[in-house]
Every structure is written in structure tokens, then in C-alpha cells.
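[1] below is the structure, and that's it, no one-letter string:
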């Protein structure tokens, strides 16, 4: 009769607490009940007192129904794949919220009839890529390549350089992706040198198209040679150019990064690219180029399986029409301003008794874009012990450890996040 476990509050009693009931309305009964059960189990095991169950529940309730947690990217990698690649602009986030409800994604409000799906995003993309006579959007760049193979080379050959048979991440490889469609990959040239004559010798009636792939996340240097887009455009066969990173036009900070405008100007029939890298938008595969070919892709049965949802369309349109997205802002941030911000942050932190110093840093583009490009940056340097504590904070702040110091690189931290960083570090001090 004196067993203290009898004092553990019942589930229905905990759920009836107004604060917990409010969480049920926000998070759902099942998720909250799991938190209650976990707290009761800790009380049964003697790890907390029965009177502490409610406090344990309130402390353990997540901020939202999703397990994803917000992260401040202080790594210095502008497009960080493990952190979700491009962060969306405020305009894109607002568009996603609006699109989350019932929307006119495929409906014309003026005359009450069905309309072209995603017409706003497609119009914005066409305006941003005027060299393309038509555009289409699928769910990522791999899907764009897949659709090209399905529509243009079923049972036929795709000619590609051996030096461009890349692995695109998580073990997925371009030749295997293409072969999965039933097309045959015809390799030409060598790993380091492939000339236009190698392609020309391989082109025959069975050729569906020639594919040129930007290696993205590595560079081959030394004794090398590659055919240009302009040279390949002279071959009597469709030319598909995968630029990967999603740069629609040349950027002064990335002079060697291929862009869609230049590829199309040089004669590419189709250009494929990612939406969530240098474009700074949501995950999407962009298809730009010849109107007749784009229409073939759009009307292929697989296009339905590869289409994007209304949230992606809304975010893509807002990215293209709206203010400078965070990725572009990070690329174009002035070093003097980064150093100034780092100085202000360090002075504030030292005022709170924290060992903080301004440090030089080198940022990277990331996301498979501009391999080898280094971006001079500035960082807040803290003792290495802060790294783990910051990762586990709320919000999580992810930096990098260099020579026993935790560096928070400000090229990838937006100015509006500076106060968040200060508060996160203060809590760890």
C-alpha cells in the first residue's frame, strides 16, 4: 500500500492538464501520449519522483509534430547537403505556408476551369532562363536525367565520356541511373581526356542523345582534355547538358562553374539542373531548352510520377521572383562585413565571460558545386568543447572544429541569426 509508484499520475489525468491539452491540439494525441508514457516509465524506474511526471512531460514535449529540428549552419559550407542544402528565403517560406492550404495550383479562378499546373513557377523559370524556348520542372536533377533517358533513348544508346560517369551521392551513379531506364550507356574517351572526335565516332542511328555531365564535386587536373558544349552541338544528335548546380547565368564569384544560359547559347538542346543548390530554392529538377524536346518530356507517362507538389512550385516561384535567396546572399557577402559582424559577436560574448576570438576562415560552396573554390570568410572562434553543446542546443548550431577551436563561420550565418548564435553560445558557457 506504501509503494510510491501508486502515486504516479494516470495518463488521463496528465492529458487533462490545460498545458498538456494545448499540446495535444498542436501535436496530436498519439505523440503527446508517448511523451507521457515515457515520463511515467521513468517514474516507475525510480529515476524521477511521481510528483515530477508532469514537469517531465512539459519539458519533453517537442516544438512541433515533425522530428526535423531547425539548425543554424555555421559550417562555412554554403550548400550543405546534410543540412538540407539551400535554406529558403523568407518569401519562399511564406509562399509554402500559403500553398499548404487549398490553392489554385491547377485551377483558373477567372473562368472556373482547369489550368496548367504550376503555371506561375514555370513562367518565372522561363523569365529567369530566356535562352530556353521551353521549361519543365520535376522533383530533382536525377529525375530530370531519368526523364531524358526515358523519353529520348528508350532501348537506344546514350553517349557519355568516361570522365563524366560520376557518382552523385549516397552511392547513386549516373551510368546505373541511365541504364535503369533500358537505355544503353556508350562510354567514349578516357578518364582524363575525351575529344569531340571520340563522340563523333560513337554517334550512329541507335544514339538517343549525347550527354555532357558536369563532375560537380571533384576536379581532374593535369593532362586533360574535354569537348566543349559548342563542339558537341555540331553533332547531328540531341545534346543534353547536366550542369548540376543550378546556376542559371554566369556568376562573378564562380567563373568556372557552368551555367544554363551559356550552355544553351552554345547549342545545348536540353539543360538539366538542381533547384536547391546555387539557385537557392527548393529541391527540384529543372529542364530547360528546345520546346519540342521539352514537350516530349512533359508528355511522357513517367512525367506524372516525377512531378513536383504545390509546396515546391510555390517555393520555386517565390525564389525566382523574390529577393536574393540566402545562398546567393552568402556567396556575395563582403569579407569586411563578415569580419565586422564577427568582431561584434565576439565582443558581446567576451562581455559574458566567454572565450571568443575573431578568426580567419575559408568557406566552400558545397552541394557538388564549384569544387576547389575557396571563399575567404570570418568566424567566431570558441573552445572546442562548445561544438557538441551547440549541436545539442535549441536551435542547434553546427560549426566545425579546427585546431582545438570551434569555428562558427559567418558566411553561412545570416545577419538575422546573430542574436540566436549569441544566445546559443551563452547557454553553453
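    Structure received. Bear in mind the structure is a predicted one, so any value in this text is a computation, not a measurement.
[2] pLDDT weak spots in the protein?
    Applying pLDDT under 70 to the chain flags residues 1-2, 216-217.
[3] how about residue 381: what's its closest non-neighbour residue?
    residue 359 (3.9 Å; Cβ to Cβ, 6 or more residues apart in numbering). In short, each C-beta sits where N, CA and C put it, glycine included.
[4] surely the one you found is in a strand?
    Yes: assessed with DSSP: H, G, I helix; E, B strand; the rest coil, residue 359 lies in a strand.
[5] spit out the contact partners of it.
    By Cβ atoms under 8 Å, 6 or more residues apart in numbering, the contact list for residue 359 reads 342, 378, 379, 380, 381, 405, 407.
[6] what secondary structure does the fourth one sit in?
    For residue 380, the secondary structure call by three-state DSSP comes out as strand.
[7] how about the closest residue to it other than its chain neighbours, phi and psi?
    Counting by Cβ to Cβ, 6+ apart, the nearest residue to residue 380 once its immediate chain neighbours are dropped is residue 408, at 4.4 Å. Torsion angles at residue 408 (phi, psi; degrees, to the nearest 10) stand at phi -110, psi 100.
[8] share the number of residues neighbouring residue 408, please.
    Residues within reach of residue 408, counting by other Cβ atoms under 10 Å, total 31.
[9] can you give me every residue that contacts it?
    74, 379, 380, 381, 382, 390, 397, 399, 421.
[10] and if you look at residue 26?
    Residue 26 touches 64, 65, counting by Cβ under 8 Å, 6+ apart.
[11] how close does it get to residue 38?
    18 Å (Cβ to Cβ, to the nearest Å).
[12] quick check: buried residues in the strand or helix carrying residue 370?
    If you go by DSSP states H and E, residue 370 is part of strand 369-383. Judged by neighbour count using 16 or more other Cβ atoms under 10 Å, the buried positions of strand 369-383 are 369, 370, 371, 375, 377, 378, 379, 380, 381, 382.
[13] stretch 70-85 now?
    71, 72, 73, 74, 75, 76, 77, 78, 79, 80, 83, 85.
[14] from those, pick the one nearest residue 254.
    Nearest to residue 254, judged by Cβ to Cβ, of the buried residues of stretch 70-85 is residue 78 at 10.8 Å.
[15] that closest one should be in a helix, yeah?
    No: when three-state DSSP is applied, residue 78 is found to be strand, with no helix at that position.
[16] residue 366 is in contact with that one, correct?
    Yes: with contact defined as Cβ atoms under 8 Å, residue 78 counts as touching residue 366 (5.5 Å).
[17] and stretch 394-403, which residues are buried?
    Using 16+ other Cβ under 10 Å as the test for burial, stretch 394-403 gives 395, 397, 398, 399, 400, 402.
[18] identify, from those residues, the entry nearest to residue 17.
    Distance to residue 17 across those (Cβ to Cβ) is lowest for residue 395, with 26.9 Å.
[19] so how far is residue 413 from the closest one?
    12 Å.
[20] mutual contacts of these two, please.
    residue 72.
[21] can you list the domain ranges for this protein.
    Structural domains assigned to the chain are 4-60, 71-83+328-428, 90-323, following automatic domain parsing.
[22] in a strand, residue 346, correct?
    No: using three-state DSSP, the assignment for residue 346 is helix, not a strand.
[23] next, count neighbours for it.
    21.
[24] quick one: residues contacting it.
    Contacts of residue 346 (Cβ under 8 Å, 6+ apart): 356, 357, 358, 380.
[25] try it again at 6 Å.
    Neighbouring residues of residue 346 by Cβ atoms under 6 Å, 6 or more residues apart in numbering: 356, 358, 380.
[26] again with residue 24
    If you count contacts by Cβ under 6 Å, 6+ apart, residue 24 has them with residue 32.
[27] next up, phi/psi of it, please.
    Here residue 24 shows phi and psi, under degrees, to the nearest 10, equal to phi -60, psi -40.
[28] could you do residue 220 as well?
    Backbone torsions of residue 220, given as degrees, to the nearest 10, read phi -110, psi 120.
[29] report how many residues lie close to it.
    13.
[30] who are the contact partners of it?
    residue 192 are the contacts of residue 220 under Cβ under 6 Å, 6+ apart.
[31] next, name the residue at the spatial heart of the protein.
    residue 85 (2.7 Å; Cα atoms, centre = their mean).
[32] that residue and residue 274 touch, don't they?
    No: applying Cβ atoms under 6 Å as the test, residue 85 and residue 274 come out as separate, 8.1 Å apart.
[33] rewinding a little: could you single out the nearest of the buried residues of stretch 70-85 to residue 189?
    residue 79 (29.4 Å).
[34] so who does the nearest residue to that closest one once chain neighbours are set aside touch?
    Excluding the flanking residues, the one nearest residue 79 by Cβ to Cβ, 6+ apart is residue 367, at 3.0 Å. The contact partners of residue 367, taken as Cβ under 6 Å, 6+ apart, are 79, 81, 85, 277.
[35] with residue 133 instead?
    Contact analysis of residue 133 by Cβ under 6 Å, 6+ apart lists residue 291.
[36] run the last query once more with 10 Å
    Shown in contact with residue 133 (Cβ atoms under 10 Å, 6 or more residues apart in numbering): 126, 264, 288, 289, 290, 291, 292, 293, 294.
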